[in-house]
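Colleague: A structural model of the following input is requested.
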Amino acid sequence: MTLWVATVFPASGQTPFRSSDELEKTDQVIEKAKQAVAESGSNRARALVQNAITLQERTWDHFRKRIYQQARRFRHGWADVERCQARELIEKAQERWDRLEGAVIDSGDQWFRDMYRRAGEHLRRTQSMLRQKKIIRALTQVRAAVEILDRLEENLP
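Modeller: Sure thing, here's the model as predicted:
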């Protein structure tokens, strides 16, 4: 009896483990081999099937680890995108804050000055949160600053 077991190792230039299809097909081959070996009663064939099962289990473990690593890399890449988007929002809010300074000073109104100062505090906290890689908190702070800036722009003469 000849037992063929397909292993999943990438050929040169291929992406390893593009899907689990190859592993599932190998599982099916091993299952058929187990049935045939059980009928044959051969100890040597049983040992070969057991070796194939062990190898297949290791291959599945490697596959799962690889998927996990790829997911982590993707998640970290996504965090970089979010950080860039947060920086862009912060820069735009900072530009608005800078533009409003003259109008707030010219207004002479304490309410405008207080609102302007609060927006600046939120922007400073935003920068701090971003340096600490606390993206959600940074976005919360920039949203608060933007809401204040919106109110200022609506109410300034």
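Colleague: which ones are touching residue 105?
Modeller: Counting by Cβ atoms under 8 Å, 6 or more residues apart in numbering, residue 105 makes contact with residue 113. For every residue, glycine as well, the C-beta is placed using N, CA and C.
Colleague: which secondary structure element contains it?
Modeller: Element membership of residue 105, judged by DSSP states H and E, is helix 43-107.
Colleague: check which element follows that helix along the chain.
Modeller: Toward the C-terminus from helix 43-107 - assigned by DSSP H and E - lies helix 110-131.
Colleague: got the contact list for that following helix?
Modeller: Outside helix 110-131, the residues within contact range by Cβ under 8 Å, 6+ apart are 83, 86-87, 90, 93-94, 97, 100-101, 104-105, 135, 137-138, 141-142, 144-145, 148-149, 151-152, 155-156.
Colleague: right, and the helix or strand after that helix?
Modeller: Counting by DSSP H and E, the next helix or strand C-terminal to helix 110-131 is helix 135-155.
Colleague: next, the buried residues of that next one.
Modeller: Neighbour-count burial for helix 135-155, counted by 16 or more other Cβ atoms under 10 Å, picks out 138-139, 141-142, 144-146, 148-149, 152.
Colleague: for these, give me JSON lines that also has distance to residue 46 and pLDDT.
Modeller: Written out in JSON lines, the entries for those read as follows (distance: Cβ to Cβ, whole Å; pLDDT from 0 to 100):
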{"residue": "138", "distance to residue 46": "61", "pLDDT": "89"}
{"residue": "139", "distance to residue 46": "60", "pLDDT": "88"}
{"residue": "141", "distance to residue 46": "65", "pLDDT": "93"}
{"residue": "142", "distance to residue 46": "65", "pLDDT": "92"}
{"residue": "144", "distance to residue 46": "69", "pLDDT": "95"}
{"residue": "145", "distance to residue 46": "70", "pLDDT": "95"}
{"residue": "146", "distance to residue 46": "70", "pLDDT": "94"}
{"residue": "148", "distance to residue 46": "75", "pLDDT": "96"}
{"residue": "149", "distance to residue 46": "75", "pLDDT": "95"}
{"residue": "152", "distance to residue 46": "80", "pLDDT": "94"}
